[in-house]
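Undergrad: Let's see this in three dimensions:
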Amino acid sequence: MAAKASPKKVSAKKSTTEYKGSKVIFNASEPAKNPARVAAARKARATIKARAAAKLKKKTSTKRGVKKAGKKGKKAAKKTGVKRGPSAFFLFSADNRAAVKKANPSFKVTEIASELGKRWRNLSADKRKAYDAKAAAGKKN
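TA: Here you go, the predicted model:
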C-alpha cells in the first residue's frame, strides 16, 4: 500500500527591509515585526526620492547632451517680461544694412553680415562710442 503524500507547507515570504541601490524593499507585515528596520527603509526611500528630485532640478537633457538648468534665456525673459536691448553692433548693423545691400545687390545674407562685421571692426572710436551709448541707454530700459 502506498503512503499518502502529506500536503506541502506553504512558507511565508521573508519580510525584508533593505536598501539596495535605488530600491527599498519591505513587506507590509514588517511593522509588527521590527519597526526600527521599517523606519530605516522609509528613510532610505525618502533619501532616494530627494536625490532624484535634486538631479532633475540641477540638469535638463537636450539632444546634444546635458546642460545645467537655471540659465536664463529667451524663455525666462518672456516669463519675466524683461527684454534685453540690442547691442552696439546690432544698432550699427540696422543703420548700415541697407547701404551694404544697395552697394552689393548680389550678396547673400551671410555675405552682408560679414561685410557689416568688417565695417564694424574698422569703425573709428568716436563713431563706435555713439553706438555704445545708444546700447547702454537701451539696456537701462
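Undergrad: For the strand or helix carrying residue 130, list every residue counted as buried.
TA: Here residue 130 sits within helix 125-140, counting by DSSP states H and E. Neighbour-count burial for helix 125-140 flags 131, 132, 134, 135, 138 (criterion: 16 or more other C-beta atoms under 10 Å). Where you see a C-beta, it was placed from the backbone N, CA and C, and this is true even at glycine.
Undergrad: quick one: which of those is nearest residue 114?
TA: Nearest to residue 114 among these, counting by C-beta to C-beta, is residue 131 at 18.8 Å.
Undergrad: Let me see the contact set for that closest one.
TA: Contact partners of residue 131, counting by C-beta atoms under 8 Å, 6 or more residues apart in numbering, are 88, 89, 91, 92.
Undergrad: how about the nearest residue to it, chain neighbours excluded?
TA: Of all residues not flanking residue 131 in the chain, residue 88 sits nearest, at 4.0 Å (C-beta to C-beta, 6 or more residues apart in numbering).
Undergrad: Please apply the same query to residue 137.
TA: Nearest non-adjacent residue to residue 137 (C-beta to C-beta, 6+ apart): residue 85, at 7.8 Å.
Undergrad: From residue 134, how far out is that neighbour?
TA: For residue 85, the distance to residue 134 equals 9 Å [C-beta to C-beta, to the nearest Å].
Undergrad: Please apply the same query to residue 50.
TA: Residue 50 sits 49 Å away from residue 134 when distances are taken as C-beta to C-beta.
Undergrad: what's the answer for residue 83, then?
TA: Distance of residue 83 to residue 134, computed by C-beta to C-beta: 16 Å.
Undergrad: likewise residue 43?
TA: For residue 43, the distance to residue 134 equals 60 Å [C-beta to C-beta].
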